[in-house]
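[1] coordinates only, no sequence provided:
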């Protein structure tokens with residue numbers, strides 16, 4: 001299975017968001033959290049989450065070529081809305 005073009009960068013962005021979230025949790029747990037530290041880490045979460053969202057929306061269906069798009073989808077997230085093809089195949 002060939003990885004999607006932006007999958008690697010999207011994974012990096014989600015990883016950065018997870019690291020920032022863990023850093024906020026540990027800073028709060030061990031009582032060395034400051035408003036500046038929280039602000040910087042929250043900015044990291046927002047920027048990386050937005051980047052991952054844009055990267056995933058640019059992915060195209062391998063069957064018909066239609067972009068994934070920016071709509072929020074709860075069910076059938078691995079299926080193309082146009083042709084019904086599986087994104088992972």
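    Sure thing, it's come through. Given the structure is predicted, the values throughout are model-derived calculations rather than measurements.
[2] list the buried residues for stretch 22-35?
    23, 24, 33 (16 or more other C-beta atoms under 10 Å). No exception for glycine: its C-beta is placed from N, CA and C like everyone else's.
[3] next step: those restricted to strands.
    Using DSSP state E, no member of these falls in strands.
[4] just those: which are in helices?
    Mapping these onto helices (DSSP state H) picks out 23, 24.
[5] for the buried residues of stretch 22-35, which one is nearest residue 74?
    Nearest to residue 74 among those: residue 24, at 26.9 Å, using C-beta to C-beta.
[6] the closest residue to that closest one other than its chain neighbours in helix, strand or coil?
    In space, and not counting its chain neighbours, residue 24 is closest to residue 41: 4.9 Å by C-beta to C-beta, 6 or more residues apart in numbering. Under DSSP: H, G, I helix; E, B strand; the rest coil, the three-state class of residue 41 is helix.
[7] give me the neighbour count for the nearest residue to residue 14 once chain neighbours are set aside.
    Once flanking residues are discounted, residue 14 sits nearest to residue 52: 5.3 Å by C-beta to C-beta, 6+ apart. Using other C-beta atoms under 10 Å, residue 52 has 20 neighbouring residues.
[8] hang on, residue 52 packs against residue 8?
    No - using C-beta atoms under 8 Å, residue 52 is not in contact with residue 8, being 11.3 Å away.
[9] ok, the buried residues of stretch 22-35 vs residue 77, which is closest?
    When these are compared against residue 77 (criterion: C-beta to C-beta), the nearest one is residue 24, at 27.2 Å.
[10] wait, the closest one touches residue 40, no?
    No - between residue 24 and residue 40 there is no contact under C-beta under 8 Å: 9.8 Å.
[11] which parts of the chain are strands?
    Here the chain has no strands by DSSP E.
[12] give me the low-pLDDT residue ranges for it?
    Within the chain, the stretches with pLDDT under 70 are 1-6, 70-73, 87-89.
[13] switch to 50 and redo it
    Scanning the chain for pLDDT under 50 picks out 1.
[14] who's sitting farthest from the centroid in it?
    In the chain, counting by C-alpha atoms, centre = their mean, residue 31 sits farthest out from the average C-alpha position, at 29.0 Å.
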